[in-house]
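# Next input, structure requested:
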Amino acid sequence: MSTPDSGPDDPSAPDDGKDGRDGAAKDAKESKDAKDAKDAKESEGSEGSEEREQPQTAWSARRDLIDHSPRTMNVGDRARFGGSMVGGSQHGVSGGQVTGDVIMGSKTEIHQWALPGLSAPSASASGEVPQTTLDRLAASFVAADATIEALLTRLRRDRVLVLSGARFTGRHTAALMLLHRLGAAPVHTLDRDTNPSTLADEFTAPATAAAGGTTAPQPRGYVLADLVTRRDRPLREHHLLAARDRLTAQDAYLVVTVGPTAVLEDVPVVHWQPPQTADVLAAHLRTRVADDETAAKLLELPDVTEFLSRSHQLREVAAFAQLLGRYAAGEVGEQAVAQFSLVSLENQVQEWFEEDEASIHLRDKAFLVALAAFDDGPYALTAELSDLLYRFLQQTQNPVGVPEVPVFGTHIGKRLQLARAERYEDDEHTEWGPVTQQKARFVDDRASLVLLREVWTGHPSARPALIDWLRRLADDGRPLVRTRAASTVAVLARTDLPSAMALVIEPWAISNRFRHRLVAVNALTLAHLIDTPNIPRILDEWSKGEDRRLRWVAVRAYALIGAERPEQALAALRTAARSLYRDLADPDDFDREMARELGEAVALLLLSEASDQVLAELRLHLPDDRPVHDLTIGGFVSACRHTQDDERYGHPLVLGWYAQAATEGSAAAHGIPFLWRAALGDPNATRHALDVLREWVLIADRSTTTEWALAHLLPTLVTTPAEYQRLGHLLRTMPGEDGAAPPAVAARLLTTLPIR
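Take a look at the predicted model:
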């Protein structure tokens, strides 16, 4: 039985007391029941509804899978895939490898390295910063001298400095160091919940008198880190002017740090740019190891180079320096150093989803999940579908409420800054050709895998919303969206195969809608690609089962992953082909669609990286029985139709394969003509085979390379008078395109046929 394909429509609920709430709940349930019935009817409808979907061929579906799979899944190089046999190197779906068990398996054991004074103060922190903390931070502080001098000049002049920057970029440490450079003592931290309108009231201490009148007093320093502002409580210019008067009277200075989303009105702001992570790491190491030589050796470690390439936050760099110091002292081993980068990433992802709503809004969390699914994809699409997920998450939190999505939300730059992501412009493959898009991706390419694993296993309450979202994506008309739904489920399957199969993949696989089954095919294919166990076993069972839909999914998936185990894949396809003929009482009941799918699966395997082995298997089993014979010939002729880069007049892939094999003297130089002769001599396949040859001749009329290869192949297809007559008749009588005169190349090719 198929399952509903999407979540319920959004019910409206009156807020007029218990009766209203009960009525809203009842209406919501009735609306959901009606929607489920409608979806079930559509999903379990006739074959006519499926035909209206215009099912893709296996070749076209594979092209979409290659074009739209995420960068973390090495599905193949589109520029070479499909046309590579001409050049002698082949690339297929089965050749990928992702990131290993360290990311996709169970979570890495996480250790916390506390660094006092490096974190921003808590919501209630207020008090004096110890001088020892300031001295320690000063020993490892890194910043451009010109930048610091400019900030010091401004702070001396204005008494107040507002420093804006992203979290964990060192803005708090910079604030402390500016006051330290000014010689401020003591330095006090203020509560981040301080009301901007009462900011001046915080500075009530009298100016310190000089001892004995002989020594100038030290100025006081204040830091207000991560000031909390709201639209109804912004930081305004007059708040700072009032504070400046008090600070001048006290001979004191104030540095306020704010995030990119702070609500400010007419406030002059300095944007803090963090120093290079390599410089920060080197500075911290100098304070933790005995000599510069040891620090230099540590910086040359491969794991350190890898860490620095990941764009880590400064707090993570400081913690890594502490760990390297322990490593130099022999307290920890190489494994701890190697794992630290991933540990830091896992900590960050956990923070995103464990912090309260005031820190990271539910809508931003939905965006993080959507970005994990559509990493390296168009930003507008990611934002659009993240709001859809946000609605589903709201329904989980409040089933009788009305999901609300702000029409205008956070600016793209601020949103990506929170996600530690970047935007850029690049081409996106579409059915109309490459189109330039503004895209977004995580800076750390491991983030999407770690994030999806964390959401699926660490927050099970989010699963219903995530499943509804994925089902809606599977119904989307855009190939990119459907492919990313499949790749997301593949990651979930790698993390928790039983749940992913039961909740998502199997409902898709048993759907009567072609689109759903194709997403199931892609999910299983990509799951196998990232080393999810037992996928071949699932396909073997489905290919032998009674459910035609599951058999279809298995056949399509075999076509994509069978190149790595061609003997087993072809054996399963032969078994499936024989089952089409078994107990067939009426020839009209023959499943032609499944037979066509089996042939396309063989064609894809022939054009895969295991082509030589597949060709040998096909030759070996051609005489087995009629079902296997039809499967082999149908698959071979289907493979011969494909051209380089899918161009109308592109070089035929099988012909290019033959030309290279003939040059190298490999077995394919005999195997390809053998199958051609079998196809031309089979009454059921002759017409289709001649149609392909006719297309090749038309291509040869435009391509010298194709003409030479065809001139080399045609003589090998003539071993009997009947074969000579068949090919000779084709070349003598075939018209040009659109009824034009016969192409001149046909007469030239006719001269290559040996007379029999």
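
# Just give me the neighbour total for residue 329.
Per other CB atoms under 10 Å, the neighbour tally for residue 329 reads 11. The C-beta positions use only the backbone N, C-alpha and C, and glycine is treated the same way.

# no wait, residue 564
By the measure other CB under 10 Å, the count of residues near residue 564 is 17.

# And the strands in the stretch 301-450 of the chain, which stretches?
377-378, 421-428, 435-442 (DSSP state E, counting those that start in this stretch).

# Can you tell me which of the ones you listed is nearest to residue 662?
With CB to CB as the criterion, residue 662 lies closest to strand 421-428 of the strands of the stretch 301-450 of the chain, at 36.8 Å.

# Which neighbouring elements make contact with the closest one?
In terms of contacts (3 or more CB pairs under 8 Å, 6 or more residues apart in numbering; DSSP states H and E), strand 421-428 is packed against helix 412-418, strand 435-442.

# Name the residues that touch the first one?
This means helix 412-418. The contact list for helix 412-418 (CB atoms under 8 Å, 6 or more residues apart in numbering) reads 166, 260, 261, 360, 364, 367, 379, 383, 409, 422, 423, 440.

# Would you reformat those as a markdown table and include pLDDT, distance to residue 183 and neighbour count?
A markdown table is the format used below for those (pLDDT from 0 to 100; distance: CB to CB, whole Å; neighbours: other CB atoms under 10 Å):
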| residue | pLDDT | distance to residue 183 | neighbour count |
| --- | --- | --- | --- |
| 166 | 81 | 29 | 17 |
| 260 | 81 | 31 | 16 |
| 261 | 78 | 33 | 13 |
| 360 | 75 | 38 | 17 |
| 364 | 89 | 41 | 19 |
| 367 | 93 | 44 | 27 |
| 379 | 92 | 47 | 20 |
| 383 | 91 | 48 | 18 |
| 409 | 63 | 44 | 17 |
| 422 | 88 | 39 | 13 |
| 423 | 88 | 42 | 13 |
| 440 | 92 | 45 | 26 |
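
# Please produce CSV containing the residues you listed, extended by distance to residue 314.
Listed next are the contacts of helix 412-418 as CSV, based on distance: CB to CB, whole Å:
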residue, distance to residue 314
166, 10
260, 16
261, 20
360, 20
364, 22
367, 24
379, 26
383, 28
409, 28
422, 18
423, 22
440, 23
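
# just to revisit the earlier point, weakest of the strands of the stretch 301-450 of the chain in terms of mean pLDDT?
Least confidently modelled of the strands of the stretch 301-450 of the chain is strand 421-428, at a mean of 84 by mean pLDDT.

# okay, the angle between it and strand 435-442?
Per axes from the mean of the first three to the mean of the last three CA atoms, to 10 degrees, the angle that strand 421-428 makes with strand 435-442 is 150 degrees.

# Which parts of strand 421-428 count as buried, going by neighbours?
With burial defined by 16 or more other CB atoms under 10 Å, the residues of strand 421-428 counted as buried are 421, 428.

# again, but for stretch 296-306
298, 303, 304.

# Residue 185 should be in a helix, yeah?
No. Read with DSSP: H, G, I helix; E, B strand; the rest coil, residue 185 is coil and lies in no helix.

# you'd agree it is up against residue 222?
No. Residue 185 is not in contact with residue 222 according to CB atoms under 8 Å; the separation is 12.0 Å.
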